[in-house]
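K.L.:
Sharing a model that was predicted from the sequence below.
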Amino acid sequence: MPSFDVVSEVDLQEVDNAVNQARKEVTQRYDFKGSDTEIAHEGTEIRITSSDEYKVKAVVEVLQGKAAKRQIPLKAFVYGKIDAAGGGRAKQTVTVQQGIAIEKARQIVKVLKDSKLKVQAQIQGDKVRVTGKKRDDLQEAIAFLRKSEVGLPLQFNNFRD
């Protein structure tokens, strides 16, 4: 039976490259002179600290621009609250989503069942396996999932006949 996997993966090397480009631009921009702005990237977490809340928001905009140029889906970023750091500074944590959480996987399965397509979906760890009798049914399911708003950047891989 034909099948494919629905996954949500982000290339962390591209995220690292986007963070490095954003860091370089921030150090060269005139409006950030003397603000002691820092961008730190560790694993799936990006920490931004600056002299005030407005500069943190500006750094996030620069980061989004660099990520978009590197084909990183902006849906993959989860933005934390802007908090006060010591010394009158502001900080924000941006998390990069990897994999599909159980709640989102259940939502994807429910969306597929409600669509009345002739496919079955089952949750397997951090991905959803979709199977059907015909390749055309699976292609319809892919098109349907691309249109539906799940809140995650979805990729479709491991297509088997």
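P.N.:
Nice, thanks for sending it over.
K.L.:
got a list of contacts for stretch 44-63?
P.N.:
If you take Cβ atoms under 8 Å, 6 or more residues apart in numbering as the criterion, stretch 44-63 is touched by 12, 15, 18-19, 22, 25-26, 31-32, 34-41, 79, 82, 85, 88-98. Every residue, glycine included, has its C-beta placed from N, CA and C.
K.L.:
So among these, which ones count as buried?
P.N.:
Using 16 or more other Cβ atoms under 10 Å as the burial test, the contacts of stretch 44-63 include 15, 18-19, 22, 26, 32, 35, 37, 39, 41, 82, 89-94, 96-97 as buried.
K.L.:
centre of the chain versus the longest strand anywhere in the chain, how much separation?
P.N.:
Assignment by DSSP state E gives strand 89-96 as the longest strand of the chain. In terms of Cα atoms, centre = their mean, to the nearest Å, the centre of strand 89-96 is found 15 Å from the chain centre.
K.L.:
now for the following helix or strand past it, which elements pack on it?
P.N.:
Once strand 89-96 ends, the next helix or strand along the chain (criterion: DSSP states H and E) is helix 102-114. Helices and strands touching helix 102-114, by 3 or more Cβ pairs under 8 Å, 6 or more residues apart in numbering; DSSP states H and E, are strand 119-124, strand 127-132, helix 135-147.
K.L.:
Show me what counts as buried in the last one.
P.N.:
Within helix 135-147, the residues scored as buried using 16+ other Cβ under 10 Å are 137, 138, 140, 141, 142, 145.
K.L.:
And the second one, by the same measure?
P.N.:
Neighbour counts using 16+ other Cβ under 10 Å place 127, 128, 130, 131, 132 of strand 127-132 among the buried residues.
K.L.:
what number of residues lie near the nearest residue to residue 94 once chain neighbours are set aside?
P.N.:
Nearest-residue entry for residue 94: residue 46, 4.3 Å, with adjacent residues in sequence omitted and distances by Cβ to Cβ, 6 or more residues apart in numbering. By other Cβ atoms under 10 Å, the residues close to residue 46 number 26.
K.L.:
Many thanks, I have nothing further to ask.
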